[in-house]
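>>> My questions concern the predicted model and sequence given below.
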Amino acid sequence: MLIETARYELPPEGTTLLGYIVRRMHKTEWLVISSSALAEGQTASALEYSAVYAAVSSTSFGRAYYQPQFNRAGDVVTEADKATGAKITAKLESTSPHYKISYEAVMPNSDAFTGSETITGTTVGLRGLGMPAPSKFKFTSGKYIAEFEGLITSELALSLIGKTRIRAYGFLNLKDNQGNSGRLELNRAGDISIKINDQKTSNHSFAKITWINIQDPAPQPA
């Protein structure tokens with residue numbers, strides 16, 4: 001069942017900024033796929049899949065139901081990804097002069113994804129309010145190390161009828177310790193394109209994503 005990312009990340013009962021970020025990172029199936037690629041010796045594919053995770057764990061697509069409550073500097077939130085058992089932790093490092101957030105996802109097999117983003121402010125444009133965040137990430141699996149660095153901008157697309165949307169766009173430069181390198185680009189439609197070792201490897205679309213294996217209710221007898 002496909003559900004909008006923002007409905008899961010901004011649950012009806014409300015959440016904090018760190019709670020939202022932790023939920024946003026509940027896409028660690030991509031790290032499982034990356035580890036499987038490594039087990040098969042496919043290092044370029046592992047770089048691709050972990051890069052996809054870096055991008056989608058940094059973004060939301062869907063309705064902006066509300067603004068999360070602000071945390072205090074030093075606050076930490078941890079919540080497991082039910083789909084994989086990964087332990088997700090986010091920490092608000094500072095609030096001045098910018099919001100700096102660090103986070104990690106630790107998989108049951110000890111693979112780890114770490115990263116940080118700095119929300120530098122808000123820009124106003126014809127397409128909405130933008131919140132650019134220079135970001136750095138690292139994925140480690142045994143001796144394998146992949147690194148990602150770039151600029152991801154979250155954007156609120158305002159609506160006159162009260163249905164403001166959240167989306168994102170930006171890029172990440174990619175490299176690993178196996179000699180692979182490349183670039184990921186994300187557009188406002190939620191489409192990702194990736195080029196590794198000067199070869200276009202794939203396109204993905206993440207405006208909607210399957211989070212947990214949610215089953216539709218069974219039909220009731222008449």
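Everything's here; your move.
>>> and the residue nearest the centre of the chain, what is it in contact with?
For the chain, the residue nearest the mean C-alpha position is residue 57 (1.0 Å; C-alpha atoms, centre = their mean). The neighbours of residue 57, taking C-beta atoms under 8 Å, 6 or more residues apart in numbering as the test, are 24-25, 27, 105, 113, 115. Backbone N, C-alpha and C define where each C-beta goes, glycine included.
>>> Residue 19 is in what secondary structure piece?
Residue 19 belongs to helix 17-24 when assigned by DSSP states H and E.
>>> Going by neighbour count, which residues of the next helix or strand after that helix are buried?
Later in the chain than helix 17-24, the nearest helix or strand by DSSP H and E is helix 29-39. In terms of neighbour count (16 or more other C-beta atoms under 10 Å), helix 29-39 has its buried residues at 29-35, 37-38.
>>> Ok, stretch 49-68 next?
Residues 49-65, 68 are the ones in stretch 49-68 that count as buried (16+ other C-beta under 10 Å).
>>> Select from those residues every entry located in helices.
Counting by DSSP state H, the buried residues of stretch 49-68 place 49-56 in helices.
>>> distance of residue 131 from residue 203?
Per C-beta to C-beta, to the nearest Å, residue 131 is found 25 Å from residue 203.
>>> quick one: which of those two has more around it?
Under the neighbour definition other C-beta atoms under 10 Å, residue 131 and residue 203 were set side by side, and residue 131 has more, 18 against 9.
>>> what sits against that one?
Shown in contact with residue 131 (C-beta under 8 Å, 6+ apart): 119, 121-123, 153-155.
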